[in-house]
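S.K.: Sequence isn't available, so here's the structure alone:
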């Protein structure tokens, strides 16, 4: 923004979650595992892309 003079653009709250879905899923599953939870994972058809 400062370097090239572009305006700030808010990418939204879910940008980083959607940017790299598999990385986000792994991170969250690891966090749950660290907290002592074993979570079976099923992917919904609407979000499977």
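M.R.: Arrived safely, thanks for sending. Note that the structure is predicted; figures quoted are calculated from it, not measured. Numbering: from 1, shown residues only.

S.K.: Where do the helices of the protein begin and end?
M.R.: Under the criterion DSSP state H, the chain contains helices at 15-19, 21-34.

S.K.: what stretches of this structure score poorly on pLDDT?
M.R.: 46-49 (pLDDT under 70).

S.K.: Dump the helices of the chain to a markdown table, plus mean neighbour count and distance to residue 44.
M.R.: Backbone N, C-alpha and C define where each C-beta goes, glycine included. Converted to a markdown table, these look like this (neighbours: other Cβ atoms under 10 Å; distance: least, Cβ to Cβ, whole Å):
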| stretch | mean neighbour count | distance to residue 44 |
| --- | --- | --- |
| helix 15-19 | 11 | 15 |
| helix 21-34 | 11 | 12 |
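
S.K.: Take these and lay them out in a markdown table including distance to residue 4.
M.R.: Below are those laid out as a markdown table (distance: least, Cβ to Cβ, whole Å):
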| stretch | distance to residue 4 |
| --- | --- |
| helix 15-19 | 20 |
| helix 21-34 | 28 |
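
S.K.: Spatially central, which residue of the chain would that be?
M.R.: The centre of the chain sits closest to residue 17, judged by Cα atoms, centre = their mean, with a distance of 2.0 Å.

S.K.: my guess is it meets residue 27, correct?
M.R.: No: assessed by Cβ atoms under 8 Å, residue 17 is found out of contact with residue 27, at 9.9 Å.

S.K.: Now do the same contact list for residue 33.
M.R.: residue 39 (Cβ atoms under 8 Å, 6 or more residues apart in numbering).

S.K.: follow-up on the earlier one: gap between the residue nearest to the residue nearest to the centre of the chain when sequence neighbours are not counted and residue 6?
M.R.: The shortest distance from residue 17 to any residue other than its chain neighbours is 5.0 Å, reached at residue 24 (Cβ to Cβ, 6 or more residues apart in numbering). Residue 24 is 27 Å from residue 6, where distance means Cβ to Cβ, to the nearest Å.

S.K.: Since that was my last question, I'll sign off now.
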